[in-house]
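In: here is a sequence with its predicted model. Questions after.
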Amino acid sequence: MTTVSASSPASVETQVQQMRAQLQRGQLSQVLQHAKTLATEVPENRDVLYLIAVSQRYLGRAQDALATLAQFAKIHPDYGRLHQERGHCLRGLGDVDGAIAAYREATLYNSALPASWRALAELCEQRGPTEEAQAARGYLQYLSSLPPPIVTATSLFCEGEWVAAESIVRDFLRTHGDHVEAMRLLAQIGMKLDVLDDAELLLDSALILAPDYVMARYDYGLVLSQRHKHGQALEQAQLLLKADPSSRQFRTFYASVCVGLGDHESALRTYRELLAETPQNPELHLSVAHALKTIGRQQEAIASYWAAAAVRPDYGDAYWSLANLKTYRFSTEQVDLMASIEATPPPATADRYHLCFALGKALEDKGDYARSFEYYARGNALKKVECRYDPSVLERNLALQKQTCTAQFFSQRVGYGHTAPDPIFIVGLPRAGSTLLEQILASHPRVEGTMELADIPRLVQLLNGREQVGQKGRYPAVLRDLTADQARELGEKFMADTRVYRTGRAFFIDKMPNNFRHIGLIHLILPNAKIIDARREPMACCFSNFKQLFASGQEFTYSLEDIGRYYRAYVDLMAHWDAVLPGKVLRVLHEDVLDDLEASVRRILDYCGLDFDPACVEFHKTRRSVRTASSEQVRRPINRDGVDQWRPFAAELAPLRTILGPLATTD
């Protein structure tokens, strides 16, 4: 037999297809030999490991297959077919209870495995529980009612093969355009691939055809929430709860929507009700803790974070959340515990990088800077593997902003947009002091503090349209085509969509830092909006981002090179906005605020057209929800604790200084 080199993914896939064909022909020994040889080159390949285990079982070597599957589970624990194969092996060996447990796991991870549902029904009828047998028969009947292509696509979707699943569903819908289940599946694939506008449209259409299909409505609510349409998502959550008030899934969704709307008290109440029913659920302990932290109940939040870790000791997010309070200090014993969990055996990747960031912060607080940086670097490297960030894409887009949004462009569009003066945008980089500025302004009786709103990015997505592979998006060049009426309508849409976050104050803050990229759009549609550039000394700002693990987005922060390039691009674009829109943006240096708080407060309020109010200087006394990593810091009086935190790491940060060039601190 000629063996194809496994040097490329394409050659591995070719060999996998060959082995599947051999398996169909009963050439079991050849499959096993081939798969084992290939496994030396791609030891973690899911398909290769699966073929080894299947061929071992068919050859009557069930114990060998179980050993293969045990190693397999360490790498791909959520692969449904792995657990199905384990069930087949255990059933063949007469271990009925073990087989039932394995088939349960299989159907948990992949709901479209008829063989697992059938085996589960048969074994539960023999051994019990009979209710589970009936449920398995019912789901098997449901699968049999679906067209075979949809069952296949559902299985692929459950196993993470989204592109292959999408191809099958789209082919099916070309001839069965109103098949509700296929529409829902394609929407779910769209959600995974971040094609949220298509997913929303598909689910909206599916509900027109089948308004009582509650799981389609649940998915519709999810996609609305992911698109930050929290008001509409709340409507769906309420309909779901009306259909099934006891559903844990629907109640959890309702609580998450409340968080999105800033109603943390309602979210906390629901999370605690759920937690009382399932006290061993670590995710619920974490959700409770996050809500408590956001509304300023720090000690209760700390207790809930530790409760999550007690339920699941390798729950990396619990430890990172404690570190992310910025004011919490781990004991030596707690640091040793986290280091032990991170090292032996290594937990799942997400838990591991959460632990690494937590250990970096804990060791930094203890002055062990060398080990601290090792963990920060390891956590960033692990996280960067998950990201698809390409700095050249951002840099090209910002260059297009400068080409499109010239001084002449704006001079030709005087009078465009919606005249509302309400919005105050705070832009810049994360970890640059924007939360402090928000807290200062939100302490004024005429200003509403909201959150990092997604409404400007959503308008950008609307203007950009669907980007095709190899084709440029329409934004920002499309701004040239906007009429005065269209610009006004976009401004009105922004004001209408953000109304759900307001309680009636004259002004409100949108603290999305990435909006610095879209100041041209903001000025075009909201010419009377205020824009504040929160800027921090480059080395301090970049290092603060490097040691921050963000819940989502900000993918530029997971390497020193990417951070340095991003900071340079940001400074360059802000200089462009200063040149073409002189006086539009107020630049506030974080260090100036720390050096002279009252003078900085007066300057900010003057720019916003607001009278001085002493509450803005005593911002730490203002009780409000704060969602960002600085939530605990802005609840304390002004301090300089974080100004020079990068200096003990100066040697490790030398590459960053090189990338920043003249922008870097020189003293």
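Out: Sure, I can see it. Numbering: from 1, shown residues only.
In: what comes up buried for stretch 477-484?
Out: 478, 479, 482 (16 or more other CB atoms under 10 Å). Every C-beta, even on glycine, is put in place using the N, C-alpha and C of the backbone.
In: so what's the first one up against?
Out: So the one you mean is residue 478. By CB atoms under 8 Å, 6 or more residues apart in numbering, the contact list for residue 478 reads 463, 464.
In: got the buried residues for the top helix by length along the chain?
Out: If you go by DSSP state H, the chain has its longest helix at helix 560-580. If you call a residue buried by 16+ other CB under 10 Å, then helix 560-580 has these buried ones: 560, 562-571, 573-574, 576-577, 580.
In: was I right about residue 182 contacting residue 174?
Out: No. Using CB atoms under 8 Å as the test, residue 182 is too far from residue 174 to be in contact (10.5 Å).
In: more neighbours: which of the two?
Out: residue 182 (24 against 8; other CB atoms under 10 Å).
In: so the more buried one, which state does it fall into?
Out: helix (DSSP: H, G, I helix; E, B strand; the rest coil).
In: just to revisit the earlier point, wait, which of the buried residues of helix 560-580 is closest to residue 51?
Out: residue 562 (38.2 Å; CB to CB).
In: which pLDDT value goes with the nearest residue to that closest one once chain neighbours are set aside?
Out: Among residues not flanking residue 562 along the chain, residue 556 sits closest, at 4.7 Å (CB to CB, 6 or more residues apart in numbering). On the pLDDT scale, residue 556 is placed at 94.
In: repeat that for residue 438.
Out: 95.
In: am I right that it sits in a strand?
Out: No. Read with three-state DSSP, residue 438 is helix and lies in no strand.
In: which secondary structure state is assigned to the residue positioned nearest the centre of the chain?
Out: Residue closest to the average C-alpha location in the chain (CA atoms, centre = their mean): residue 552, at 3.6 Å. Put simply, residue 552 is coil when judged by three-state DSSP.
In: against residue 386, how distant is the residue nearest to residue 562?
Out: The gap separating residue 556 from residue 386 is 14 Å, by CB to CB, to the nearest Å.
In: comparing these two, which residue is more hemmed in?
Out: Between residue 556 and residue 386, residue 556 has the larger neighbour count (other CB under 10 Å), namely 24 against 11.
In: show me what contacts the more buried one?
Out: By CB under 8 Å, 6+ apart, the neighbours of residue 556 are 389, 391, 394, 562, 563, 565, 566.
In: rerun at 10 Å
Out: 387, 389-391, 394, 429-430, 514, 545, 562-567, 569-570 (CB atoms under 10 Å, 6 or more residues apart in numbering).
In: likewise residue 17?
Out: Applying CB under 10 Å, 6+ apart, the residues near residue 17 are residue 47.
In: helix/strand/coil for it?
Out: From three-state DSSP, the assignment for residue 17 is helix.
In: so where is the chain shaky, pLDDT-wise?
Out: For the chain, applying pLDDT under 70 flags the ranges 1-10, 466-472, 623-642, 665-667.
In: one more time with 50, if that's ok
Out: 1-7, 468-470, 624, 627, 629-632, 635, 666-667 (pLDDT under 50).
In: pop the domain breakdown of this protein in here.
Out: Per automatic domain parsing, the domain ranges recorded for the chain read 313-386, 400-466+489-663.
In: make TSV out of the ones you listed and add distance to residue 115.
Out: Shown next, in TSV, are these (distance: least, CB to CB, whole Å):
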stretch	distance to residue 115
domain 313-386	27
domain 400-466+489-663	37
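In: closest one to residue 265 among those?
Out: Going by CB to CB, the one of the domains of the chain nearest residue 265 is domain 400-466+489-663, 9.4 Å.
In: buried sites along stretch 483-495?
Out: Neighbour-count burial for stretch 483-495 flags 487, 488, 490, 491, 493, 494, 495 (criterion: 16+ other CB under 10 Å).
In: the second one and residue 419 touch, don't they?
Out: Yes. Using CB atoms under 10 Å as the test, residue 488 is close enough to residue 419 to be in contact (8.5 Å).
In: shared neighbours of the two, which are they?
Out: residue 526.
In: tally of neighbours for residue 536?
Out: If you count neighbours by other CB under 10 Å, residue 536 ends up with 24.
In: which residues touch it?
Out: Per CB under 10 Å, 6+ apart, neighbours of residue 536: 428-429, 431-434, 542, 544-545, 567, 588-591, 593, 642-643.
In: just the buried ones from the residues you listed?
Out: 428-429, 431-434, 542, 544-545, 567, 588-590, 593, 642.
In: so which strand or helix has residue 356?
Out: Using DSSP states H and E, residue 356 maps to helix 349-365.
In: which other helices and strands contact the next helix or strand after that helix?
Out: Next in sequence after helix 349-365, counting helices and strands by DSSP H and E, comes helix 369-386. Judged by 3 or more CB pairs under 10 Å, 6 or more residues apart in numbering; DSSP states H and E, helix 369-386 is in contact with helix 332-343, helix 349-365, helix 538-546, helix 560-580.
In: out of those, which is closest to residue 312?
Out: Nearest of the helices and strands packed on helix 369-386 (CB to CB): helix 349-365, 8.9 Å.
In: who does the closest one touch, helix- and strand-wise?
Out: With contacts taken as 3+ CB pairs under 10 Å, 6+ apart, helix 349-365 sits against helix 316-323, helix 332-343, helix 369-386.
In: keeping just the C-alphas, turn it into PDB.
Out: Only the C-alpha atoms of helix 349-365 are listed here, as PDB (Å, rounded to 0.1, in the frame of the first residue of the first chain):
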ATOM      1  CA  THR A 349      -7.300  24.900  27.200                       C
ATOM      2  CA  ALA A 350      -9.800  27.500  28.400                       C
ATOM      3  CA  ASP A 351      -9.300  26.600  32.000                       C
ATOM      4  CA  ARG A 352      -5.600  26.600  31.500                       C
ATOM      5  CA  TYR A 353      -5.200  30.100  30.100                       C
ATOM      6  CA  HIS A 354      -7.700  31.400  32.700                       C
ATOM      7  CA  LEU A 355      -5.400  29.900  35.400                       C
ATOM      8  CA  CYS A 356      -2.300  31.300  33.700                       C
ATOM      9  CA  PHE A 357      -3.600  34.900  33.700                       C
ATOM     10  CA  ALA A 358      -4.700  34.500  37.300                       C
ATOM     11  CA  LEU A 359      -1.300  33.200  38.300                       C
ATOM     12  CA  GLY A 360       0.400  36.000  36.500                       C
ATOM     13  CA  LYS A 361      -1.600  38.600  38.500                       C
ATOM     14  CA  ALA A 362      -1.200  36.700  41.800                       C
ATOM     15  CA  LEU A 363       2.600  36.400  41.400                       C
ATOM     16  CA  GLU A 364       2.900  40.100  40.200                       C
ATOM     17  CA  ASP A 365       1.100  41.100  43.400                       C
END
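In: chain center to that helix: distance?
Out: Helix 349-365 sits 18 Å away from the centroid of its parent chain (CA atoms, centre = their mean, to the nearest Å).
In: before we move on, what about stretch 170-182?
Out: That offset, for stretch 170-182, works out to 30 Å (CA atoms, centre = their mean).
In: in that stretch, which residues are buried?
Out: For stretch 170-182, by 16+ other CB under 10 Å, it's 172, 173, 179, 180, 181, 182.
In: cool, stretch 278-291 as well?
Out: Buried residues in stretch 278-291 (16+ other CB under 10 Å): 281, 282, 283, 284, 285, 286, 287, 288, 289, 290, 291.
In: equivalent analysis for stretch 456-468, please.
Out: Neighbour-count burial for stretch 456-468 [16+ other CB under 10 Å]: 456, 457, 458, 459, 460, 461, 463.
In: swap in stretch 372-392?
Out: Result for stretch 372-392 [16+ other CB under 10 Å]: buried residues 372-380, 382-384, 391.
In: now swap in stretch 601-613 and tell me
Out: Across stretch 601-613, burial judged by 16+ other CB under 10 Å covers 601, 604, 605, 607, 608, 610.
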